[in-house]
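1. no sequence on this one, just coordinates:
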């Protein structure tokens with residue numbers, strides 16, 4: 001078992017715009033996060049989970065690379081597609097794969113796209129919806 005804590009939540013309503021930090025979010029079963037631009041039943045990239053430890057390594061702040069959930073204490077390097085995140089009391093997400101860093105990372109800092117290869121977080125879909133908050137636990141099980 002792999003346990004951590006949610007330290008930040010971000011919602012991006014409009015593509016290309018900065019995401020907004022929120023204290024809580026509503027996950028909608030099979031769709032994604034309420035008010036987030038990635039909410040779509042056909043999307044396997046509904047929620048991006050990123051660890052603060054990696055952000056700190058690159059001197060980045062939560063939300064800067066467009067992740068939705070920023071964690072602390074959760075080792076994302078061992079997560080495989082099909083693993084399940086248990087978020088707060090009710091929400092479950094299924095990992096769908098690594099998030100490949102895009103060219104927008106180089107806008108933040110030259111060379112960041114290459115540096116974040118394999119480290120930009122885990123994409124997931126919402127299995128069971130509900131509300132979760134900053135400070136809630138997040139754990140992963142195979």
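-> Thanks, I have it. None of these values were measured; they are calculated from a predicted model. Numbers count the residues shown, from 1 in each chain.

2. could you pull out the strands for this protein?
-> Counting by DSSP state E, the chain has strands at residues 2-11, 20-22, 24-28, 32-33, 47-51, 69-72, 84-87, 91-98, 122-128, 130-133, 137-141.

3. how about the residue of the chain most remote from its centre, what does it touch?
-> In the chain, counting by C-alpha atoms, centre = their mean, residue 110 sits farthest out from the average C-alpha position, at 22.7 Å. By C-beta atoms under 8 Å, 6 or more residues apart in numbering, no residues touch residue 110. C-beta here means a position set from N, CA and C on the backbone, and glycine is covered the same way.

4. And it, how far from residue 57?
-> According to C-beta to C-beta, to the nearest Å, residue 110 stands 17 Å off from residue 57.

5. Identify the residues contacting residue 100.
-> Neighbouring residues of residue 100 by C-beta under 8 Å, 6+ apart: 117, 120.

6. What does the pLDDT read for it?
-> pLDDT recorded at residue 100 is 94.

7. Leaving out chain neighbours, which residue sits closest to residue 128?
-> In space, and not counting its chain neighbours, residue 128 is closest to residue 92: 4.4 Å by C-beta to C-beta, 6 or more residues apart in numbering.

8. Touching, that neighbour and residue 127? I think so.
-> Yes. Contact criterion C-beta atoms under 8 Å: residue 92 and residue 127 qualify, at 4.4 Å.

9. Look at the two and report which has more neighbours.
-> residue 92 (19 against 14; other C-beta atoms under 10 Å).

10. The residue nearest the centre of the chain: what's it in contact with?
-> Closest to where the C-alpha atoms of the chain average out (C-alpha atoms, centre = their mean) is residue 49, at 2.0 Å. By C-beta under 8 Å, 6+ apart, residue 49 lies in contact with 67-69, 71, 74, 76, 85, 93, 121-124, 138.
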